[in-house]
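Asks: here is the input, now give the coordinates:
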Amino acid sequence: MPSVLVIGYDPRALPGTAAEAVRMTLAEEVRRFGELGIEAAMTLVVFDESAEPAIAASLAERPWDVVVVGGGIRKTEVLLPLFEQTVNLIRRHAPGAAIAFNTNAGDSVEAARRWLP
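Replies: So this is what the prediction gives:
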């Protein structure tokens, strides 16, 4: 069974975000992965000292086929250091995984499927 890890920024930490609606969309994405026979997990982080160990632990949990990095991490200029850290952690802890990027919380499945056989 293919496996996908989605790494995103916790929407509760983004001011002006409808956090619960985003979290519901993320949960729906995990459900959609399951319907397609893809094992999926999600790690949501904030930009502090807890991000690196949380991401590293998730990456080390198992061999991942694809790691999707969410737009909340990539698109927010102030989070550029977190984005760089995330990519380098993926390279270090999941070197066999493809790296994909979603455009929003609701298209992680499509992002991952671009890299799954």
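Asks: what's the burial count for the residue nearest to residue 103 when sequence neighbours are not counted?
Replies: Counting by CB to CB, 6 or more residues apart in numbering, the nearest residue to residue 103 once its immediate chain neighbours are dropped is residue 71, at 5.9 Å. No exception for glycine: its C-beta is placed from N, CA and C like everyone else's. The tally of other residues near residue 71 (other CB atoms under 10 Å) stands at 18.
Asks: surely residue 71 touches residue 104?
Replies: Yes - at 5.9 Å, residue 71 counts as touching residue 104 under the criterion of CB atoms under 8 Å.
Asks: contacts only, for residue 55.
Replies: For residue 55, the residues meeting the contact criterion (CB atoms under 8 Å, 6 or more residues apart in numbering) are 7, 43, 45, 85-86, 89.
Asks: surely residue 61 is in contact with residue 43?
Replies: No - contact status for residue 61 versus residue 43: not in contact, 9.2 Å apart, counting by CB under 8 Å.
Asks: counting neighbours, go ahead and name the busier of these two.
Replies: residue 43 (20 against 14).
Asks: which parts of the lengthiest helix in the chain are buried?
Replies: Counting residues, the longest helix in the chain under DSSP state H turns out to be helix 19-35. Along helix 19-35, the positions that meet the burial threshold by neighbour count (16 or more other CB atoms under 10 Å) are 22-23, 25-26, 29-30, 33.
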